[in-house]
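Student: Quick one, what's the 3D model for this:
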Amino acid sequence: MSEPKPIPPPKYPGLILTPCLEDNPAPHTLKLLEKLCKNYIGSDEVFSVTYSPLLCPEGKNYLYTLKPYWWEVEPGHWEHRDGRRNPYCELPQGQNQLQRASMAIHTLALGSKYLPYLADQCSKQAENLLRYFFINHDTRMLPEILYAQCNPSSSLLKGDQAFVIAIRYFVLISSTLTFLNIPQELLDDLRIWFRNHLNWITTSEQGAMARAYGNNITIWYHALVATHLSLVNPPEAAVYSLTALQEIHARHTTPESFFSRELSRTRPRHYTLFTLEPVFLLSSQTGKIPPDDVYQYLRDLVEYARHVTGSPIEIEVDDNPRYFAKLEWFETMLKRWSGQSKKTEEPDGTQWDGGWNQFARVLWGFI
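Tutor: Next up is the predicted model:
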């Protein structure tokens, strides 16, 4: 078998999900936010897991996704190629709809809180999107994630522990939903939806698998649970987050141990950054500033990440300039928590043809 070719860099870097740490965003960020909010306010577009060329065979309202790295090399014979996405596995579009809905609702929630002159319009548009995605009988998503990350090589239609990856963008909604001025009955219904969703995550077989899995999947599991608790039971969120972080630290006392499984994969730099995302989201739920021991743990992880080398297929997509431009997001959050000012108004996107997209640039302004 020939050596796999290097993955070419995308036009835009992948989005890094981050918490909202900044209470007083700069005018530059607010101008970007205003532009995005006006785009959503002026749009008739809505989102639904039912908008997909390949729907879940068990019911259109279930989120349905396929594992992306499986390839049918001959009829009936599938092969796993870690880090190589199969276009066929992109046919179910529920996850894409979930992500786009989450980004839109998150943007409008920020607009409702930080752009007073657009607050009512932002909340009204978000209300429409929320009702369509979560409440409307025909277009809603069910809170049970039974069919996310199904293996296309298997005749058994069943998701697994990687469902947390498919739904991770929900942290954008549960963390900022209360910024919106929406009818109380809708907020109550959404809290019920997320409570049911959280109950499924924490009591289902797939949830138990995710919690025990041990790599980035387990940390994404904790980040989702903590962020959803911040919506449905706020006093529990910080307690849960600290307990989960203590659990992670006890299992992985060194950065080498924390990243060990990610470093053995075909894209160690990619998975290093992907594992930092949920641990920072989880840490943000411990309080306005994480405790000193949590902060030091994060610093050690980021410092270790600076020395991770890429694999042969990463020599272009995550070369040094691109990799360190993405790592700068985590270094910036550490600076914010330590009281240092942000170094730049914009994240460095010069290494990509399209640079960071507008949504990413707004997220940057809130860390």
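Student: What does the residue lying closest to residue 331 once chain neighbours are set aside show for phi and psi?
Tutor: With sequence-adjacent residues excluded and distances taken as CB to CB, 6 or more residues apart in numbering, residue 331 is closest to residue 302, at 6.0 Å. For every residue, glycine as well, the C-beta is placed using N, CA and C. Reported as degrees, to the nearest 10, the phi and psi values for residue 302 are phi -70, psi -40.
Student: Tell me, how many residues neighbour residue 302?
Tutor: 18 (other CB atoms under 10 Å).
Student: and it, what does it touch?
Tutor: With contact taken as CB atoms under 8 Å, 6 or more residues apart in numbering, residue 302 is in contact with 276, 327, 330-331, 334.
Student: how about the helices in this structure?
Tutor: Listed in chain order, the helices of the chain (DSSP state H) span 27-41, 94-114, 119-130, 163-166, 171-174, 184-203, 205-213, 216-232, 234-251, 255-263, 268-284, 292-305, 320-338, 358-365.
Student: And those helices: which comes nearest residue 18?
Tutor: helix 358-365 (5.3 Å; CB to CB).
Student: quick one: buried residues of the closest one?
Tutor: The neighbour-count check on helix 358-365 (16 or more other CB atoms under 10 Å) flags 359-365 as buried.
Student: likewise stretch 45-60?
Tutor: Going by 16+ other CB under 10 Å, stretch 45-60 has these buried residues: 46-50, 52, 55-56, 60.
Student: Throw those into a markdown table and include pLDDT and distance to residue 255, thanks.
Tutor: Below are these laid out as a markdown table (pLDDT from 0 to 100; distance: CB to CB, whole Å):
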| residue | pLDDT | distance to residue 255 |
| --- | --- | --- |
| 46 | 98 | 43 |
| 47 | 98 | 38 |
| 48 | 98 | 41 |
| 49 | 98 | 37 |
| 50 | 98 | 43 |
| 52 | 96 | 39 |
| 55 | 96 | 42 |
| 56 | 96 | 39 |
| 60 | 98 | 44 |
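Student: In the residues you listed, find the pair that's most separated.
Tutor: Checking these with CB to CB, the most distant pair is 46 and 56, at 19.2 Å.
Student: Low-confidence bits of the stretch 201-350 of the chain, can you list those?
Tutor: For the stretch 201-350 of the chain, applying pLDDT under 70 flags the ranges 343.
Student: got it, and the stretch 51-200 of the chain?
Tutor: Answering for the stretch 51-200 of the chain: no residues sit below the bar, that is pLDDT under 70.
Student: which residues does residue 8 contact?
Tutor: Contacts of residue 8 by CB under 8 Å, 6+ apart are 316-317.
Student: That one and residue 26, how far apart?
Tutor: Remark: distance between residue 8 and residue 26 (CB to CB, to the nearest Å) = 34 Å.
Student: cool, and residue 221?
Tutor: 34 Å.
Student: neighbour-wise, which of the two wins?
Tutor: residue 221 (28 against 13).
Student: Not counting sequence-adjacent ones, nearest residue to that one?
Tutor: Per CB to CB, 6+ apart, closest to residue 221 is residue 210, 4.2 Å.
Student: Would you check that the one you found makes contact with residue 166?
Tutor: No. Applying CB atoms under 8 Å as the test, residue 210 and residue 166 come out as separate, 11.1 Å apart.
Student: Please state the offset of stretch 246-254 from the chain centre?
Tutor: Chain-centre distance of stretch 246-254: 22 Å, with CA atoms, centre = their mean, to the nearest Å.
Student: ok, now stretch 311-321?
Tutor: Centre to centre, stretch against its chain (CA atoms, centre = their mean), the figure for stretch 311-321 is 22 Å.
Student: Give me the buried positions along it.
Tutor: Applying 16+ other CB under 10 Å to stretch 311-321 flags 311, 313-314, 317-318 as buried.
Student: Residues contacting that stretch, please?
Tutor: Contacts of stretch 311-321 (CB under 8 Å, 6+ apart): 3-10, 83, 266-270, 310, 326, 351.
Student: Next one: residue 24 from residue 129, what distance?
Tutor: For residue 24 relative to residue 129 (CB to CB), the value is 27 Å.
Student: So for the two, which sits in the more crowded spot?
Tutor: Just comparing residue 24 and residue 129: by other CB under 10 Å the higher neighbour count belongs to residue 129, 22 against 6.
Student: that older thread, now, which of the contacts of residue 302 sits nearest residue 190?
Tutor: Among the contacts of residue 302, and counting by CB to CB, the member closest to residue 190 is residue 276, at 29.1 Å.
Student: residues contacting the closest one?
Tutor: 301-302, 305, 330.
Student: change it to 10 Å
Tutor: 16, 216, 219, 258-259, 262, 298, 301-302, 305, 326-327, 329-330, 333 (CB atoms under 10 Å, 6 or more residues apart in numbering).
Student: most neighbours, which of the residues you listed?
Tutor: residue 219 (27 neighbours).
Student: With adjacent residues omitted, what lies nearest to that one?
Tutor: residue 278 (4.2 Å).
Student: Can you verify my assumption that that neighbour contacts residue 218?
Tutor: Yes. Residue 278 lies in contact with residue 218 (CB atoms under 10 Å); the separation is 8.9 Å.
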